[in-house]
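Student: structure here, sequence nowhere to be found:
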């Protein structure tokens, strides 16, 4: 699919397979999500802008590459997005962080917003949206729309798993926002869950079910 990158690195796929197991305990699930987010983060940040500065090594001066421009903004779609956020911050500790609180209405599957707090100057920052599951994509679509309203222009979407239906809906709503994921699964079931999937990422991450 155009502008959809499946990160098929063997380590990503191995860790994801362990996360899919229904008997993987909460602590292990959380650890693996953190590790995968580092690997996804490596892929999604490969084209960050750099500038050359002169530094002095123990032997001589040299021109060296550094990140340039405003610091990266990581926007977590609560609550499960925080599972990806921690690993991303290990990779880019200087990043600015925002949160968007959304829950999915169990009857309509429509995203309902309850919290919004993001960094200033989003129009000048590369923005990475974080949500483990791109299922119906309703939450991601709503979150990206809010970020665009706040001025963001350079946005990428990172998820752990996606459904074909979710990818298609997201691409229709935001064709300018590339998607990075570890896998695109078979389909959605009648309850809007990804199949074969791994269940509810938030519940498994925090041990709430």
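Tutor: It's in. Note that the structure is a prediction, hence the values are computed from the model and not measured.

Student: just confirm residue 82 is within a helix.
Tutor: Yes. Using DSSP: H, G, I helix; E, B strand; the rest coil, the assignment for residue 82 is a helix.

Student: and the residue lying closest to residue 44 once chain neighbours are set aside, which of the three is it?
Tutor: Distances taken as Cβ to Cβ, 6 or more residues apart in numbering put residue 180 closest to residue 44, at 4.8 Å, once the chain neighbours are dropped. All C-beta spots, glycine's among them, are computed from the backbone N, C-alpha and C. Classification of residue 180 by three-state DSSP places it in strand.

Student: tell me, how many residues neighbour residue 180?
Tutor: Residues near residue 180, counting by other Cβ atoms under 10 Å, number 20.

Student: can I assume it is in contact with residue 161?
Tutor: No. Assessed by Cβ atoms under 8 Å, residue 180 is found out of contact with residue 161, at 11.8 Å.

Student: which stretches in the protein count as helices?
Tutor: 10-20, 26-44, 81-91, 138-149, 164-173, 201-206 (DSSP state H).

Student: of all those, which one is nearest residue 111?
Tutor: Proximity to residue 111 (Cβ to Cβ) singles out helix 138-149 among the helices of the chain, at 4.1 Å.

Student: the closest one to helix 81-91, inter-axis angle?
Tutor: 60 degrees (axes from the mean of the first three to the mean of the last three Cα atoms, to 10 degrees).
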